[in-house]
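Peer 1: A structural model of the following input is requested.
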Amino acid sequence: MNNYRNKKNQNQGDEVVRVRIPRKHDNEILGTVESMLGANKIRVRCMDGVVRLGRIPGKLKKRTWIRPGDVVIVVPWDFQDAKADVKWRYTQPQVNWLEKRGYLKG
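Peer 2: Here you go, the predicted model:
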C-alpha cells in the first residue's frame, strides 16, 4: 500500500512538459466551467464572452473529472452557437502556464 501512495504522489508534480493550445482552424475556444448541470452538461463561459451549454462526451467523462472553475477547451456547434462540445480539461500547472503566456485573460 505504501508503494502505491509514493507512485501516486510522484505523478502530481508541478512541472509542465507540454500544454495543448486551442486550435483556431478547428474552432476551439478556451472556457471556464461555471456550473455543473447534470446529465453530462455544464455551463461554460468562453473567452469570446458567450456563455454556452457544454456537452461532455463519454470518452472525456470516463477519463477526467470536470469541476466548476476548471479551464477547458470547447468547440461551438456549427448550427447552434449557444452549445458546445468539451474537448480538453487543463490541470492547475497547465492553467498557470497559460496565464503566464497570456492565453487566459483575467
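
Peer 1: so which residue is smack in the middle of this structure?
Peer 2: Val72 (1.9 Å; CA atoms, centre = their mean).

Peer 1: tell me what that residue is bridged to.
Peer 2: Gly31, Arg89 (DSSP bridges).

Peer 1: my guess is it contacts Glu28. True?
Peer 2: No - in this structure Val72 lies outside contact range of Glu28 using CB atoms under 8 Å: 10.1 Å. From N, CA and C alone the C-beta is placed, and that goes for glycine too.

Peer 1: ok, the closest residue in space to Gly58 that isn't next to it in sequence - contacts?
Peer 2: Excluding the flanking residues, the one nearest Gly58 by CB to CB, 6 or more residues apart in numbering is Asn40, at 7.8 Å. Applying CB atoms under 8 Å, 6 or more residues apart in numbering, we find Asn40 in contact with 55-58, 61.

Peer 1: run a quick neighbour tally on Gly38.
Peer 2: Number of residues near Gly38 (other CB atoms under 10 Å) recorded here: 7.

Peer 1: distance-wise, check the residue nearest to the centre of the chain relative to Asp85.
Peer 2: 10 Å (CB to CB, to the nearest Å).

Peer 1: now do the shared contacts for these two.
Peer 2: Common neighbours of Val72 and Asp85 (CB under 8 Å, 6+ apart) are Gly54.
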